[in-house]
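> A predicted structure for the sequence below; I have some questions about it.
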Amino acid sequence: MKILNILLSAFRALLRNKMRSFLTMLGIIIGVGAVITMLAIGQGAEFSVKQQIAALGTNVLMVFPGAQQQAGVRTAAGSAVTLTEDDALAIIRECPAVRYLSPGSNAGGQVIAGNLNWSTGIQGVGSDYLEIRQWPVEYGEFFTDQDVKAAAKVCVLGRTVADNLFPETSAVDQTVRIRNVPFKVVGVLTKKGQNTNGQDQDDLIIAPYTTVIRRLTHWPNLRSIIMSATSMNDMTTAQKQVSEVLRMRHKIQPYDADDFTVRNQTDLAATATATTDVLTILLASIASVSLLVGGIGIMNIMLVSVTERTREIGIRMSIGARSRDILTQFLIEALVLSLLGGITGIILGTVGSSVISSIAKWPTIITPFSVVLSFGFSIAIGIFFGFYPARKAAMLNPIDALRYE
Amino acid sequence: MIHEITTTPAQKDGVLIQIEHLTKVYQLGEVDVHALRGVSVNVLRGEFVAIMGASGSGKSTFMNILGCLDKPSKGNYFLEGIDVSKLTRDELAAIRNLKIGFVFQGFNLLSRTSALENVELPLFYCSISNKLRKSKGMAALDRVGLGDRVHHYPNQLSGGQQQRVAIARALVNDPSIILADEPTGNLDSRTSVEVMGIFQELNNNGITVILVTHEPDVAQFAKRHIVFRDGKIKSDKFNLSPKVASEVLKELPMIDEEEAA
Ligand SMILES: Nc1ncnc2c1ncn2[C@@H]1O[C@H](COP(=O)(O)OP(=O)(O)OP(=O)(O)O)[C@@H](O)[C@H]1O
Ligand SMILES: [Mg+2]
């Protein structure tokens, strides 16, 4: 029997039982749709993580107190280990590959302006911080090195804070009280939006680290040092120089481990993508289960169909159909079901992804890979779950099939 | 009604079917049912055989073996000199496809499939162009007088019409034998004669016809009568003066005329 004729008769057989064919396909449609959507969500997450890390600046280095631990980005600082202002000054003085540097200290707390208040994080940084982060000021200006040296009570607001504390007026030149300490607002930052963890990056206040240490935390050591290398190619050099300076200053013996951690954006990116990879795999495997259930649905229906059409099989055999004709007939029917289901599922998944994108504001990406994968998967399911019933039909004895009631 | 030449088997060329000591035993749990108990018979090319016998005497069992739908428990079956028991599943399928046309008592048409598609079905299983398949299917339907019912589904056809579709399907691939198991069992007497007319015409064109029937009237159209009893052949006689269906038909009153009278 010619393949085109088999296809035609498979379509006809499926059309004879429209409702049943549709319900069978529904299993595959939902399965493939779920796989496509889940992969799109996972890959969208991965994409946006990479993009945001790239936006952070690829030549950024960070130093944290405490020894490096496996995959964790920042581990709890050991109590004995410290990173001081002098460490930071030494780095900028002695490391030619480091271009900008900003010591970091942070606090959290209630911020009050007039009769409005807002609870947020306060980051103490140096005057070069925005250079490193590539983060321009929208209104007003950033504080100067003089402000840092003098521990001036000035600050710059993130957009979210500015919008909440000064909904109607300009925030610049206003005063906010952070834990009852008055700070003069000198600028408002441009909007950055959410990061990959869904945190609002604009919900912060930036002040000179000296001020934060003296007025807010009352703890002299630094939480971190952020710096940028002179260029992307100098990242390794910069990292090495920073390590050397810090090891010398911390008097670490050659055979002892660092008591600080230097991280660059590539590490962060690797960690973050690893996380989103896990997310993608997890989502896809959950979705695969529904695809598998869809496949079992196909097998079930094909088995019913073989039993129901035993007489038809007998008739076909009595007029000359060979086992392999019957086998291909049922196999093609299963394949047509799973392929149609697969294609519809891909369409549904694509639509579903964009709906999720627009409702949940979560980026989704449909790659050719996920389309090919789910397409291949539905073909495989059709063959795998169609084969058993088809073989069962093909192995029948003509007379037994004809006599079947 | 005396009619055209009746040839005796010896005059024809060669043995088409050679059956030796055929037995068929069905196992029903503990019980053995002996459906055939040693049947030996030869059928020559061009014969028109009617098989008769009481219910349960093994006629259908015999026909199914002849049609390569079933296998005997013991004994030999040579079809055109080929030992059928030595053939593979696929070779048997090819014989059913090309050499044998089977007409069942219950029609066995595919439901929700048009008359033409039913008739074309055997041609799907042999290499033939779609165009030729269509024209052969149409020709076969024309031959049984159903050229105007091509696109009807079986459930839109009368019993006699369905049986004619089944006959068209049996003859579409130009088989050398037509096997019919009670082809007129569900038909009224006039339609039965019409169907027998088709068989006679096919037989006149050289096709060997073997049919099972309970009705002596129907058997009168055949040239040879084989009677089964308890799985054996009880008698095997030539009917030297078979009736001619086309002539019988002329004398049969139309049903509605009868009612009008
Ligand atoms: N599949 C089967 N399993 C068991 N016994 C069977 C089977 N088919 C037929 N038989 C038995 O074999 C015997 C012959 O059956 P067969 O169908 O050949 O009779 P038949 O001559 O065609 O009868 P009828 O005129 O009623 O159609 C019967 O006794 C029947 O019960
Ligand atoms: Mg019978």
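It's in. Ligands and ions are numbered 1, 2, ... in the order given.
> and residue B:134, what helix or strand is that in?
helix B:130-143 (DSSP states H and E).
> ignore what I typed, I meant residue B:209.
Judged by DSSP H and E, residue B:209 forms part of strand B:208-212.
> helices or strands up against the helix holding residue B:134?
helix B:115-124, helix B:159-171 (3 or more Cβ pairs under 8 Å, 6 or more residues apart in numbering or on different chains; DSSP states H and E). Just so you know, the C-beta spots here come from the backbone N, C-alpha and C atoms, and that holds for glycine as well.
> tell me the angle of that helix relative to helix B:115-124?
Interaxial angle of helix B:130-143 relative to helix B:115-124 (axes from the mean of the first three to the mean of the last three Cα atoms, to 10 degrees): 130 degrees.
> buried sites along helix B:130-143?
B:133, B:136, B:137, B:138, B:140, B:141, B:143 (16 or more other Cβ atoms under 10 Å in any protein chain shown).
> neighbouring contacts of that helix?
The contact list for helix B:130-143 (Cβ atoms under 8 Å, 6 or more residues apart in numbering or on different chains) reads A:2, A:5, B:115-117, B:119-120, B:123-124, B:128, B:147, B:149-150, B:165, B:168-169, B:171-173, B:198.
> pLDDT on stretch A:49-59, on average?
Mean pLDDT, computed over stretch A:49-59, is 70.
> where does residue B:186 fall, helix, sheet strand or coil?
Secondary structure, DSSP: H, G, I helix; E, B strand; the rest coil: residue B:186 is coil.
> got it, and the one 5 residues further on?
Assigned with three-state DSSP, residue B:191 falls in the helix class.
> kindly report the same for residue A:122.
strand.
> I figured it hits residue A:106, correct?
Yes - Residue A:122 lies in contact with residue A:106 (Cβ atoms under 8 Å); the separation is 6.3 Å.
> any idea how far the residue nearest the centre of chain A is from ligand 1?
Residue closest to the mean C-alpha point of chain A, counted by Cα atoms, centre = their mean, is residue A:45 at 2.6 Å. Distance, residue A:45 to ligand 1, by Cβ to the nearest ligand atom, to the nearest Å: 64 Å.
> and that residue, that one's in a helix?
Yes - counting by three-state DSSP, residue A:45 is located in a helix.
> without its sequence neighbours, what residue ends up closest to it?
residue A:276 (4.6 Å; Cβ to Cβ, 6 or more residues apart in numbering or on different chains).
> list the contacts for residue A:403?
With the criterion set at Cβ under 8 Å, 6+ apart, residue A:403 makes contact with residue A:314.
> return the set of buried residues in stretch A:156-163.
Neighbour counts over stretch A:156-163 (16+ other Cβ under 10 Å) mark A:156, A:157, A:158, A:159, A:160, A:161, A:162, A:163 as buried.
> and residue A:261, what helix or strand is that in?
Judged by DSSP H and E, residue A:261 forms part of strand A:260-264.
> give the buried residues for that strand.
A:260, A:261, A:262, A:263, A:264.
> restricting to C-alpha, output that strand in CSV.
Extracted in CSV, the C-alpha atoms of strand A:260-264 (Å, rounded to 0.1, in the frame of the first residue of the first chain):
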residue,chain,number,x,y,z
PHE,A,260,38.5,36.9,51.5
THR,A,261,36.7,36.1,48.3
VAL,A,262,37.2,37.7,44.9
ARG,A,263,34.4,37.2,42.5
ASN,A,264,33.8,38.5,39.0
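> now do it: distance to the chain's middle.
On the basis of Cα atoms, centre = their mean, to the nearest Å, strand A:260-264 sits 23 Å off its chain's mean C-alpha point.
> other SSEs contacting it?
strand A:60-65, helix A:235-249.
> ranges for the strands of the chain?
Let's take chain A. Taking DSSP state E to define them, one finds strands in chain A at A:60-65, A:98-113, A:116-125, A:137-140, A:154-157, A:175-178, A:181-189, A:204-208, A:224-229, A:260-264.
> hm, I was asking about chain B
B:15-28, B:31-44, B:48-53, B:74-79, B:82-83, B:100-103, B:177-181, B:208-212, B:224-229, B:232-238.
> partner strands of the fifth one, with direction?
If I follow you right, that is strand B:82-83. Sheet pairing of strand B:82-83 (DSSP bridges) gives strand B:74-79 (antiparallel).
> okay, now the domains of chain A?
A:2-52+A:271-403, A:81-258 (automatic domain parsing).
> alongside chain A, which residues does the stretch 101-250 of chain B contribute?
B:102, B:104, B:108-110, B:112-113, B:121-122, B:124-126, B:130, B:169, B:173 (Cβ under 8 Å from any Cβ of the partner chain).
> could you redo the last one with a cut-off of 10 Å?
B:101-102, B:104, B:106-113, B:117-118, B:120-130, B:133, B:166, B:169-170, B:172-173 (Cβ under 10 Å from any Cβ of the partner chain).
> what's the neighbour count on the residue nearest to residue B:149 when sequence neighbours are not counted?
Distances taken as Cβ to Cβ, 6+ apart put residue B:115 closest to residue B:149, at 5.5 Å, once the chain neighbours are dropped. Neighbour count for residue B:115, taken as other Cβ atoms under 10 Å in any protein chain shown: 27.
> narrow the buried residues of stretch A:156-163 to those in helices?
Judged by DSSP state H, helices contain the following of the buried residues of stretch A:156-163: A:159, A:160, A:161, A:162, A:163.
> out of those residues, which comes closest to chain B?
Chain B lies nearest to residue A:160 out of these, by Cβ to the nearest Cβ, at 66.2 Å.
> can you pull the contacts of that closest one?
With contact taken as Cβ atoms under 10 Å, 6 or more residues apart in numbering or on different chains, residue A:160 is in contact with A:118, A:120, A:189, A:191, A:192, A:200, A:201, A:202, A:203, A:204.
> can you rerun that using 7 Å?
Applying Cβ atoms under 7 Å, 6 or more residues apart in numbering or on different chains to residue A:160 gives the contacts A:200, A:202, A:203.
> for ligand 1, state which of these is nearest.
Distance to ligand 1 across the contacts of residue A:160 (Cβ to the nearest ligand atom) is lowest for residue A:200, with 78.0 Å.
> what pLDDT is listed against that closest one?
Note for residue A:200: predicted pLDDT of 85.
> cool, residue B:188 as well?
So residue B:188 comes in at 86 (pLDDT).
> same check on the one 4 residues further on?
Residue B:192 is assigned a pLDDT of 89 by the prediction.
> surely it touches residue B:218?
Yes - proximity of residue B:192 to residue B:218 meets the contact threshold set by Cβ atoms under 7 Å, at 5.8 Å.
> ok, these two, which is more surrounded?
Taking neighbours as other Cβ under 10 Å, residue B:192 and residue B:218 compare with residue B:218 leading, 26 against 22.
> burial measure for residue A:284, as a count.
22.
> give the contact list for it.
Residues near residue A:284 by Cβ under 7 Å, 6+ apart: A:35, A:38, A:39, A:42.
> is the third one in contact with residue A:280, as I believe?
If I follow you right, that is residue A:39. Yes - Residue A:39 lies in contact with residue A:280 (Cβ under 7 Å); the separation is 6.4 Å.
> quick one: which of those two has more around it?
Counting neighbours by other Cβ under 10 Å for residue A:39 and for residue A:280 shows that residue A:39 has the greater number, 26 against 21.
> now that one: how far from residue A:285?
Computed with Cβ to Cβ, to the nearest Å, the distance linking residue A:39 and residue A:285 is 11 Å.
> repeat that for residue A:399.
47 Å.
> those two: who's more crowded?
Legend: neighbour count by other Cβ under 10 Å for residue A:399 and residue A:285, higher for residue A:399 (20 against 11).
> do I have it right that residue B:33 meets residue B:26?
Yes - using Cβ under 7 Å, residue B:33 is in contact with residue B:26, at 4.3 Å.
> got a list of what the closest residue to residue B:173 other than its chain neighbours touches?
In this structure, residue B:173 finds its nearest non-sequential neighbour in residue B:122, 4.8 Å apart by Cβ to Cβ, 6+ apart. Going by Cβ under 7 Å, 6+ apart, residue B:122 touches A:319, A:320, B:97, B:169, B:172, B:173.
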